[in-house]
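Visitor: Compute the structure for the input listed below.
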Amino acid sequence: MLIWFVQHVAAVPVFASLGKITARAALAALVSFLLALILGPRCIGWLARRFREPIKSESAEVRRLHQGKKATPTMGGLFIVAGLAGSLLLTGDLRNRYLLLALAVTAGLTLLGAIDDLVKLRSEKLGISAKSKLLGQVLIAGGAAVWLYFDHASLPDGLVLPPPLNVTPSSTSGCLNNIAPPRSVMSMPPVFE
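Guide: Alright, predicted model coming up:
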């Protein structure tokens, strides 16, 4: 929504810098901050009424020390993610498939965190196990990586990764004789400890 407005305003020469990615990123950060600031107290109040993290410790001393945290709501990351998602939906170019992938990964990891907190709230467990969390994270990231792989495989030279030393993909055919380090690397003095 806002991206359409920014693109039209950026067409005016005086506001041309608004069309740059830096200005859009700053606008997205500002919108995200404002959404979290405006929605934060309401979300924290809603979470406090529904999701209060119990103190589950076998140690009486730990339970005594954590009495002040008894009313702390859990799942507070939801309003931060809501601010992030809201700003991306308002300021992002939704035709960009990488933005949509980033939103999907964010949603997947948010769901994993919410499941962890719900298990903590509704059972005697301290959340899902570390192995389960890691497996969930690997599956989400692996799904994104597989999607990116197949997306890039469909592009010409999409899977070609040239070495980062001023080498073009065509000059690396067979051997690496044409590699020349950048001047900035050559002008650095060696550091010995």
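Visitor: Using the record's domain definitions, break this structure down for me.
Guide: Annotated domains of the chain cover 1-95, 96-154 [automatic domain parsing].
Visitor: quick one: buried residues of the one helix or strand K120 maps to?
Guide: Applying DSSP states H and E as the criterion places K120 in helix 97-122. When burial is assessed from 16 or more other CB atoms under 10 Å, helix 97-122 yields the following buried residues: 103, 105, 108-110, 112-114, 116-117, 119-121. The way it works is simple: take the backbone N, C-alpha and C, and place the C-beta from them, glycine included.
Visitor: Show me which residues of the longest helix that the chain contains are buried.
Guide: If you go by DSSP state H, the chain has its longest helix at helix 21-50. Residues of helix 21-50 classed as buried: 24, 27-28, 31-32, 35-36, 39, 43, 47 (neighbour count, 16+ other CB under 10 Å).
Visitor: and if you look at stretch 125-133?
Guide: 127-128.
Visitor: re the thing from before, would you mind giving the buried residues of helix 21-50 as JSON lines with distance to G77 and pLDDT added?
Guide: Shown next, in JSON lines, are the buried residues of helix 21-50 (distance: CB to CB, whole Å; pLDDT from 0 to 100):
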{"residue": "R24", "distance to G77": "25", "pLDDT": "76"}
{"residue": "L27", "distance to G77": "23", "pLDDT": "81"}
{"residue": "A28", "distance to G77": "19", "pLDDT": "82"}
{"residue": "V31", "distance to G77": "18", "pLDDT": "84"}
{"residue": "S32", "distance to G77": "14", "pLDDT": "84"}
{"residue": "L35", "distance to G77": "14", "pLDDT": "82"}
{"residue": "A36", "distance to G77": "11", "pLDDT": "81"}
{"residue": "L39", "distance to G77": "13", "pLDDT": "80"}
{"residue": "C43", "distance to G77": "10", "pLDDT": "78"}
{"residue": "L47", "distance to G77": "10", "pLDDT": "75"}
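Visitor: give me the number of residues near I140?
Guide: Other residues within reach of I140, judged by other CB atoms under 10 Å, total 18.
Visitor: picking up where we left off before, and the very next helix or strand once past the helix holding K120, what does it pack onto?
Guide: Next helix or strand after helix 97-122 toward the C-terminus (DSSP H and E): helix 130-153. Packing partners of helix 130-153 (3 or more CB pairs under 8 Å, 6 or more residues apart in numbering; DSSP states H and E): helix 97-122.
Visitor: Let me know the angle separating the helix it packs on from helix 21-50.
Guide: For helix 97-122 against helix 21-50, the angle by axes from the mean of the first three to the mean of the last three CA atoms, to 10 degrees is 20 degrees.
Visitor: which secondary structure elements does helix 97-122 contact?
Guide: Helices and strands touching helix 97-122, by 3+ CB pairs under 8 Å, 6+ apart, are helix 77-91, helix 130-153.
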